[in-house]
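*Asks:* Make a model of this:
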Amino acid sequence: MSIQNPLRLLNLAGKSLLTNEALAISTLEYLPIELFPPLFMEAFWGRHRKILTALVQAWPFVRLPLGGLMQTPHLGTLQAVLDGLDVLLTQKDHPRKFKLRVLDLRNTGQDFWRMWSGSSAHVSSSSSMAPMAEDGSRIKKRLAAFEVFTELHLKERTMNEFLTYLLNWVEQRDPFIHLCCKKLKIVSFPMDNMNVLSVVQLDCIQELHVNCTWHLSTLAMIAPLLGQMSNVQKLFVSHIHLPDPEEWNEQHIVKITSQFLRLHHLQDLHLKSPFYLEGCLDQMLRCLMKPLDNLSITHCLLTDSDLTHLSQSPNISQLKSLNLSGVTMTYSSPELLPGLLEKVSATLQELYLEQSGIRDSHLEAILPALSHCFQLTSFSLRGNLLSMPIMKKMLRHTSELPSLSRELYPVLQESFSSQGILQPGRLAQCRTELLEVMKDLGYPRTIWICFIPCPHCGNNTFYHPEPIIYRGNIPA
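*Replies:* Numbers count the residues shown, from 1 in each chain. So this is what the prediction gives:
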């Protein structure tokens with residue numbers, strides 16, 4: 001008999017029980033553990049709310065990964081499950097047989113359902129999400145009666161009914177329910193609705209995305225909430241509006257940057273269009289509490305003083321990824337970028353300097369430091385205007401970087417006419433010359449020549465020819 005047959009028998013037994021709800025509910029106390037997951041799945045897909053409520057009360061596992069079954073949030077199912085939790089919450093003494101402690105509404109736990117059902121059918125799969133084990137880093141300041149895990153994506157003026165019901169339910173049962181959100185996204189969410197975060201245990205958040213067209217004063221107003229997210233590891237902030245000069249208030253910057261003093265676990269910092277940091281980047285850098293792994297400051301203006309402070313900060317000395325794309329280097333001092341690269345050369349794995357106004361003089365200045373970035377795997381200079389001579393020189397300086405495998409370079413200026421129009425024949429000639437350099441160096445290598453956007457006119461037309469590949473001297 002194959003291993004699938006007993007599992008199929010369990011599924012059949014579950015379906016049989018569902019034909020008589022009263023019988024199914026009355027026999028839950030006597031059911032073997034193996035029958036609970038397949039019975040729950042059948043009740044879930046059949047929308048048997050009464051049985052779902054009863055199953056929650058008798059659930060024999062610590063965690064119920066409900067989110068792994070839901071392709072889309074379903075209010076009726078949530079209500080049935082929460083009704084079951086309500087029954088447990090009303091018990092004065094929690095019998096030892098009541099094992100359920102965690103309701104997980106995230107898109108995780110698929111392997112749990114597959115293991116007990118013997119099939120991936122109906123399970124909402126997500127190859128990028130591994131099943132969640134019990135979190136050893138869970139906050140230990142108090143033990144809640146139950147924990148509810150979810151991911152919040154606040155993006156509408158009015159929240160959907162699923163999220164509204166959940167948050168209201170948690171709020172009414174505080175402090176017996178601990179709502180834990182590891183990942184929070186706030187996208188174009190009105191400030192007036194931010195009070196919903198009062199229900200969430202902010203020190204559970206490990207990843208925060210803020211993509212709102214707020215004014216700087218608004219970001220400063222909610223900055224204390226960021227300070228309460230003391231366990232955040234990844235922070236993404238973008239599209240904050242710079243105030244008019246007459247509305248500028250340096251205290252807004254102080255109020256925002258000072259919150260970093262409370263972020264003792266921050267590893268990744270991504271700031272897109274942070275124009276408010278021009279000339280005062282040092283205020284934020286001084287407030288970082290530990291070395292970062294990844295730093296991205298893109299599409300803004302930084303002064304020479306900002307770049308100097310960045311290269312001198314002890315908290316960037318262990319960077320694995322640095323992204324300064326869209327930070328104009330055209331008029332910056334040539335020695336600033338080399339100093340920054342020297343600081344991170346021992347650990348840097350990814351370097352992105354796209355659309356940064358980098359010219360031949362800037363690239364020439366960083367070549368000695370770049371050639372010592374022995375951990376570098378990805379390097380991109382797209383969107384800059386470089387010449388063939390400096391490109392050849394750069395290929396030679398980086399030819400012995402052992403891990404470099406992803407190289408994205410701009411279409412060289414020799415490929416354009418004097419009017420800035422791309423000439424396919426000239427581009428083909430440039431590609432041939434670069435391939436000859438790669439052959440001369442003798443190392444297998446693949447590079448991409450592309451522009452997004454065009455360094456001359458800013459056109460975002462996608463142009464991405466075949467890579468230039470040299471496979472090395474393959475013996476006959």
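*Asks:* ranges for the strands of the stretch 151-300 of the chain?
*Replies:* With DSSP state E, counting those that start in this stretch, the ranges of strands along the stretch 151-300 of the chain come out as 177-187, 207-211, 234-238, 268-272, 294-298.
*Asks:* which stretch among those strands comes nearest Arg262?
*Replies:* Arg262 lies closest, by C-beta to C-beta, to one member of the strands of the stretch 151-300 of the chain: strand 234-238, at 12.2 Å. Any C-beta I mention is one placed from the backbone N, CA and C, and that applies to glycine too.
*Asks:* Dump the strands of the stretch 151-300 of the chain to a markdown table, plus mean pLDDT.
*Replies:* Converted to a markdown table, these look like this (pLDDT from 0 to 100):
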| stretch | mean pLDDT |
| --- | --- |
| strand 177-187 | 93 |
| strand 207-211 | 94 |
| strand 234-238 | 96 |
| strand 268-272 | 97 |
| strand 294-298 | 97 |
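*Asks:* Compile these into a markdown table and extend it with columns for distance to Leu404 and mean neighbour count.
*Replies:* Supplementary listing: the strands of the stretch 151-300 of the chain in a markdown table, determined by distance: least, C-beta to C-beta, whole Å; neighbours: other C-beta atoms under 10 Å:
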| stretch | distance to Leu404 | mean neighbour count |
| --- | --- | --- |
| strand 177-187 | 32 | 20 |
| strand 207-211 | 29 | 19 |
| strand 234-238 | 26 | 18 |
| strand 268-272 | 22 | 19 |
| strand 294-298 | 18 | 20 |
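*Asks:* Export those strands as a markdown table, with columns for distance to Thr77.
*Replies:* Formatted as a markdown table, the strands of the stretch 151-300 of the chain follow (distance: least, C-beta to C-beta, whole Å):
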| stretch | distance to Thr77 |
| --- | --- |
| strand 177-187 | 18 |
| strand 207-211 | 26 |
| strand 234-238 | 30 |
| strand 268-272 | 34 |
| strand 294-298 | 38 |
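*Asks:* now the end-to-end length of stretch 202-212.
*Replies:* The first and last residues of stretch 202-212 sit 19 Å apart, counting by C-alpha to C-alpha, to the nearest Å.
*Asks:* Show me the shaky parts of the protein.
*Replies:* Within the chain, the segments meeting pLDDT under 70 span 1-20, 92-97, 117-145, 156-158, 242-248, 452-465, 474-476.
*Asks:* helix or strand right after the longest helix seen in it?
*Replies:* When every helix of the chain is counted residue by residue (DSSP state H), the longest turns out to be helix 424-441. Going down the chain from helix 424-441, the next helix or strand is strand 445-449, by DSSP states H and E.
*Asks:* so where do the helices sit in the stretch 201-350 of the chain?
*Replies:* Assignment of helices within the stretch 201-350 of the chain using DSSP state H, counting those that start in this stretch yields the ranges 216-228, 250-257, 281-287, 304-312, 336-344.
*Asks:* now, of the ones you listed, which is deepest in the fold?
*Replies:* For the helices of the stretch 201-350 of the chain, the stretch with the most neighbours on average is helix 336-344, a mean of 20; neighbours defined as mean count of other C-beta atoms under 10 Å.
*Asks:* List the contacts of the very next helix or strand once past that one.
*Replies:* Helices and strands here follow DSSP H and E; after helix 336-344, the next one along the chain is strand 350-352. Contacts made with strand 350-352 from outside it, assessed by C-beta atoms under 8 Å, 6 or more residues apart in numbering, are listed as 296, 320-325, 341, 370, 373, 376-380.
*Asks:* Just give me the closest of those residues to Gly279.
*Replies:* Leu324 (16.4 Å).
*Asks:* That closest one: what's it in contact with?
*Replies:* Shown in contact with Leu324 (C-beta under 8 Å, 6+ apart): 297-298, 352-353, 356.
*Asks:* could you check the distance from it over to Gly68?
*Replies:* Computed with C-beta to C-beta, to the nearest Å, the distance linking Leu324 and Gly68 is 39 Å.
*Asks:* for Asp282, same thing?
*Replies:* As judged by C-beta to C-beta, Asp282 and Gly68 stand 46 Å apart.
*Asks:* show me what contacts the closest residue to Tyr352 other than its chain neighbours?
*Replies:* Distances taken as C-beta to C-beta, 6 or more residues apart in numbering place Asn323 nearest to Tyr352, at 4.2 Å, with adjacent residues excluded. Neighbour list for Asn323: 270, 295-298, 350-352 [criterion: C-beta under 8 Å, 6+ apart].
*Asks:* now Glu364
*Replies:* Glu364 makes contacts with 390, 393, as judged by C-beta under 8 Å, 6+ apart.
*Asks:* Please, which helix or strand holds it?
*Replies:* Counting by DSSP H and E, the element that carries Glu364 is helix 360-370.
*Asks:* Okay, now the sheet partners of the helix or strand following that helix, with direction.
*Replies:* Past helix 360-370, heading to the C-terminal end, the next element that is a helix or strand (DSSP H and E) is strand 378-380. Neighbouring strands of strand 378-380 in its sheet, by DSSP bridges, are strand 350-352 (parallel), strand 406-409 (parallel).
*Asks:* And the contacts of strand 378-380?
*Replies:* Counting by C-beta under 8 Å, 6+ apart, the neighbours of strand 378-380 from elsewhere in the structure are 325, 349-354, 398, 404-409.
*Asks:* 6 Å instead, please
*Replies:* Contact with strand 378-380 is made by 350-352, 354, 406-408, as judged by C-beta atoms under 6 Å, 6 or more residues apart in numbering.
*Asks:* What of stretch 302-321?
*Replies:* By C-beta under 6 Å, 6+ apart, the list of residues contacting stretch 302-321 from outside reads 279, 281-282, 285, 288, 291-295, 327, 332-333, 336, 339-340, 343-344, 347-350.
*Asks:* So Asn211 sits against Ile186, correct?
*Replies:* No: distance between Asn211 and Ile186: 7.2 Å, which falls outside the contact criterion (C-beta atoms under 6 Å).
*Asks:* Apart from its neighbours in sequence, what residue is nearest Phe112?
*Replies:* The shortest distance from Phe112 to any non-neighbouring residue, by C-beta to C-beta, 6+ apart, is to Pro65 (5.4 Å).
*Asks:* what does Ser399 give?
*Replies:* That would be Leu441: by C-beta to C-beta, 6+ apart, it lies 4.6 Å from Ser399.
*Asks:* So which elements touch the helix or strand encompassing Asp86?
*Replies:* Secondary-structure element containing Asp86, defined by DSSP H and E: helix 75-90. For helix 75-90, the packing partners by 3 or more C-beta pairs under 6 Å, 6 or more residues apart in numbering; DSSP states H and E come out as helix 49-58, helix 161-172.
*Asks:* Could you list everything the nearest residue to His153 once chain neighbours are set aside pairs with in the sheet?
*Replies:* Leaving aside its chain neighbours, His153 sits nearest to Lys185 (4.5 Å; criterion: C-beta to C-beta, 6+ apart). With DSSP bridges as the criterion, Lys185 is bridged to His153, His209.
*Asks:* Many thanks, we can stop here.
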